[in-house]
Each structure stands twice: as structure tokens, then as C-alpha cells.
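Q: starting from these lines, generate the structure:
(2 chains)
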Amino acid sequence: EPEVTQTPSHQVTQMGQEVILRCVPISNHLYFYWYRQILGQKVEFLVSFYNNEISEKSEIFDDRFSVERPDGSNFTLKIRSTKLEDSAMYFCASGRTGAFTDTQYFGPGTRLTVL
Amino acid sequence: AQSVTQPDIHITVSEGASLELRCNYSYGATPYLFWYVQSPGQGLQLLLKYFSGDTLVQGIKGFEAEFKRSQSSFNLRKPSVHWSDAAEYFCAVVPYGGATNKLIFGTGTLLAVQP
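A: Below you'll find the model as predicted:
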């Protein structure tokens, strides 16, 4: 069964540095998402992406965050000038149709630790 | 305020016992409803979803959920729990009429299964 993959599984960075989290969505999916979960808190929506454009973003997704689909297979989340509060598990997800009833398939997550 | 509530943070059941995990939502219009499971080291996996029709929904791994409009609830059930069901369970909604199909998650219920 196809699955979403994410690399790295764990990223440690110094505050103020830039990080890139990588995701390989399911190959025939067209809609892509990032969510995050701070330890002990809810999974929170960050951004949705379709046709090389952001469809919706949350308040968390400030101008330090950006997403890109650099080629036909990868979907990346870049965080510039990282802050301590960016420490969280980041989940990538993909979906086929983007409909309200569409299933989003999640990757295993990247744990980001900002020191 | 719009919200998804999972009242039980942690539940322990004996193997073979029945299980019910609660989920309540507070939205003006009934949202699209989902249950996801997260096993250790893995991503979120969809168990089942509901958007219309029969209010009792069957999912994978022997799970079912019942939508009750009068109670604004979408509780997850399983008749006989297996040790492999130990995981964290998330109720999620896609609000009706939103810009995209972003998922809004509850806080999760951590299920422990004892022999």
C-alpha cells in the first residue's frame, strides 16, 4: 500500500537556524498538507497546498514558514529563523481530491527539536 | 466557540473488553467527522469517517462509530479490544463550508490495554 514518507525522522537545530523538512506524498495525490503537534498538545493544521499554491494557512504559519514542491515527488516545509517554540512533531499529509470528505494520508512525522 | 472535545485523556481496558471513546463537537453545522489512530512511531491512520447516511459507520480493524446529531457526538467503539489496539486515538472534523478540507483535531485519547 502506498504511503507518505518523511525525512528526517528527527532534526535537531540551533535557535535561529533554518530547517527543511521533507515529505514524499503518495504519487497520484494532488493535495498536500502540513500539521504539527507540540508535545502534549493537539495536532494543529499549518498549511494546505494545491497546484503549486497555498490554499489555506493557519495563524501559526507566519512568514518564517514556507512550502514548496520542488519536483514531481517531494513536498517541503522550510522554517527560517527557528524559535524554541517551533519544537514539535511535524506531519505531512496528502490527499487525492481535496474534497471535504477526502481521506488525508499522514506520514510518520519529523520530530523537530530547537535548542 | 467551535471545538472538538475528547473528554478522556487516558483510558485503560482489559484485552477482550469492549471500548468506547467519546468525541463531541461544537459547530453550527454538522462537520465532516473522522477518527484517526496513531501507533507509536507511526503516522496518523484513518479508522473511519462520516458525512451522511447511516449513522453507524464501520471502519478498519473492527472499529465502528455512531453519529448522534442530538448529542453532537461521534463516539468510537470496538466490541473486543486486542493488545495491538493500544495507541492514541484522535477525533477530527472538517468544518462544513470551510475554505479547504483542513482537519481540526481533538486532544486525543491514549488507550492502554492490559492483559
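Q: other SSEs contacting whichever helix or strand B:Tyr36 is part of?
A: B:Tyr36 is part of strand B:32-38 when elements are defined by DSSP states H and E. Using 3 or more CB pairs under 8 Å, 6 or more residues apart in numbering or on different chains; DSSP states H and E, the elements in contact with strand B:32-38 are strand B:44-50, strand B:64-68, strand B:73-78, strand B:87-94. C-beta coordinates here come from the backbone N, C-alpha and C atoms, glycine included.
Q: that strand pairs with which strands, parallel or anti?
A: Using DSSP bridges, the strands paired with strand B:32-38 in its sheet are strand B:44-50 (antiparallel), strand B:87-94 (antiparallel).
Q: just how off-centre is the shortest one within its chain?
A: Averaging C-alpha coordinates over strand B:44-50 and over its chain gives two centres that are 8 Å apart (CA atoms, centre = their mean, to the nearest Å).
Q: how about stretch B:88-98?
A: On CA atoms, centre = their mean, the centre of stretch B:88-98 falls 9 Å from that of its chain.
Q: swap in stretch A:13-24?
A: The chain centre lies 11 Å from the centre of stretch A:13-24; the measure is CA atoms, centre = their mean.
Q: now stretch A:64-84
A: Averaging C-alpha coordinates over stretch A:64-84 and over its chain gives two centres that are 7 Å apart (CA atoms, centre = their mean).
Q: for chain B, which residues are neighbours of chain A?
A: B:32, B:36, B:41-46, B:49, B:51, B:90, B:92, B:94, B:96, B:98-108 (CB under 8 Å from any CB of the partner chain).
Q: list the contacts for the closest residue to A:Ser9 other than its chain neighbours?
A: Spatial nearest neighbour of A:Ser9, excluding adjacent residues (CB to CB, 6 or more residues apart in numbering or on different chains): A:Thr110 at 6.3 Å. With contacts taken as CB atoms under 8 Å, 6 or more residues apart in numbering or on different chains, A:Thr110 has the following neighbours: A:6-11, A:21, A:89-90.
Q: let's see it at 6 Å
A: The contact partners of A:Thr110, taken as CB atoms under 6 Å, 6 or more residues apart in numbering or on different chains, are A:6, A:11, A:21, A:90.
Q: so the closest residue to chain B within chain A bridges to which residues?
A: Using CB to the nearest CB, A:Phe106 is the residue of chain A that sits closest to chain B, at 3.8 Å. With DSSP bridges as the criterion, the beta-bridge partners of A:Phe106 are A:Ala93.
Q: wait, isn't it in contact with A:Phe91?
A: Yes: applying CB atoms under 6 Å, one finds A:Phe106 in contact with A:Phe91, separated by 5.2 Å.
Q: what is the burial count for residue 3?
A: I went with chain A, as the question did not name one. Other residues within reach of A:Glu3 by the criterion other CB atoms under 10 Å in any protein chain shown amount to 15.
Q: could you do chain B instead?
A: Counted with other CB under 10 Å, B:Ser3 comes out at 11.
Q: and the strand holding B:Tyr36, how far out from the chain middle?
A: Taking CA atoms, centre = their mean, the mean C-alpha location of strand B:32-38 is offset from the chain mean by 5 Å.
Q: send the alpha carbons of that strand over as PDB?
A: This file holds the C-alpha atoms of strand B:32-38, laid out as PDB (Å, rounded to 0.1, in the frame of the first residue of the first chain):
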ATOM      1  CA  TYR B  32     -17.500  16.000   8.400                       C
ATOM      2  CA  LEU B  33     -16.300  13.600  11.100                       C
ATOM      3  CA  PHE B  34     -13.200  11.400  11.200                       C
ATOM      4  CA  TRP B  35     -11.400   9.100  13.600                       C
ATOM      5  CA  TYR B  36      -7.600   8.600  13.300                       C
ATOM      6  CA  VAL B  37      -5.300   6.300  15.200                       C
ATOM      7  CA  GLN B  38      -1.600   6.900  15.900                       C
END
